[in-house]
Each structure stands twice: as C-alpha cells, then as structure tokens.
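J.: Output the structure for:
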Amino acid sequence: MEKKGVKPDVITFNKILDCLYGNQRFSDAEMIWGVMVEKNVVPDIRSYNANFNALIKGFVGEGNLEEAKQWYGELVKSGCAPDKWTFETLVPFACEKGDVEYGFELCKDIFQRRRLC
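T.: Residues are numbered from 1 along each chain as shown. Here you go, the predicted model:
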C-alpha cells in the first residue's frame, strides 16, 4: 500500500485491528497499535470503541472473563463510552461464567449511562 504512495489512515488501521482481534491474534494487534504510533496515525473515538469491543469480544471468545473485564475497565478509563455491543457481549458472558454480580453491575452502568441502544 505504502509502496504505491498510499498512506494508511485510521480507518485502514481500524479494519486491520478488528480482523486481528476477531481472530484472537492479540499480539499481532498490539504490534499494529505500535505501528499506528510510529506513523502518527491518531485513533479516533470510533476506533477506540470498535477496537476495545473487538478485544473484549476476542477474550469472551476465548472464555477469559478476567481479561474481558480488564479491557472493559480500560475502555472506561480511556474516556470512551461503552456502547450497546460492549454490553451485549459482556453481560450474558459474565452471567454464563457465574459472575452474576458483575453482570448486574454492568446493567446498572447501562442505565446510569443511558446508552441503551
């Protein structure tokens, strides 16, 4: 792409990250975040939400609730607002894993944020 004179932008990187996270290739995705920094590509709010959600979904796919919870915390700390997809992934998974209390806390968070759709 760059050999042809086309510089990757935030949309290009978002698509790459989404694909990598969706296929549970977390270390490759982390490398791509580093490339974004090197190339001075600044993620936007959509990229953070989409990529955090992809990361959370990837850990859910692995059955790893603790990592999914950690990344949910990172999402919130980053200033991004969890969206419908974040909650639709985490709430049922937390309950399936037996952490009903965490699922309930997420539900309260949904109502506090008033981001139901």
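J.: just the helices in the chain please.
T.: For the chain, the helices defined by DSSP state H cover 10-22, 26-38, 45-62, 65-77, 84-96, 100-113.
J.: closest one to Lys4 among those?
T.: helix 10-22 (12.9 Å; CB to CB). In this view, the C-beta of every residue, glycine as well, is placed from N, C-alpha and C.
J.: Restrict the closest one to CA atoms and write it as PDB.
T.: C-alpha atoms of helix 10-22 as PDB (Å, rounded to 0.1, in the frame of the first residue of the first chain):
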ATOM      1  CA  VAL A  10      -7.100   5.500  11.000                       C
ATOM      2  CA  ILE A  11      -9.900   3.600   9.000                       C
ATOM      3  CA  THR A  12      -7.300   1.300   7.500                       C
ATOM      4  CA  PHE A  13      -5.800   0.500  10.900                       C
ATOM      5  CA  ASN A  14      -9.200   0.000  12.500                       C
ATOM      6  CA  LYS A  15     -10.100  -2.600   9.900                       C
ATOM      7  CA  ILE A  16      -6.800  -4.400  10.400                       C
ATOM      8  CA  LEU A  17      -7.200  -4.300  14.200                       C
ATOM      9  CA  ASP A  18     -10.800  -5.500  14.100                       C
ATOM     10  CA  CYS A  19      -9.700  -8.500  12.000                       C
ATOM     11  CA  LEU A  20      -6.800  -9.400  14.200                       C
ATOM     12  CA  TYR A  21      -8.800  -9.100  17.400                       C
ATOM     13  CA  GLY A  22     -11.700 -11.000  15.900                       C
END
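J.: Please name the nearest non-neighbouring residue to the residue nearest to the spatial centre of the chain.
T.: For the chain, the residue nearest the mean C-alpha position is Phe52 (1.3 Å; CA atoms, centre = their mean). Distance criterion CB to CB, 6 or more residues apart in numbering; nearest residue to Phe52, sequence neighbours excluded, is Leu75 at 4.1 Å.
J.: pLDDT score for the one you found?
T.: Confidence at Leu75, expressed as pLDDT, is 87.
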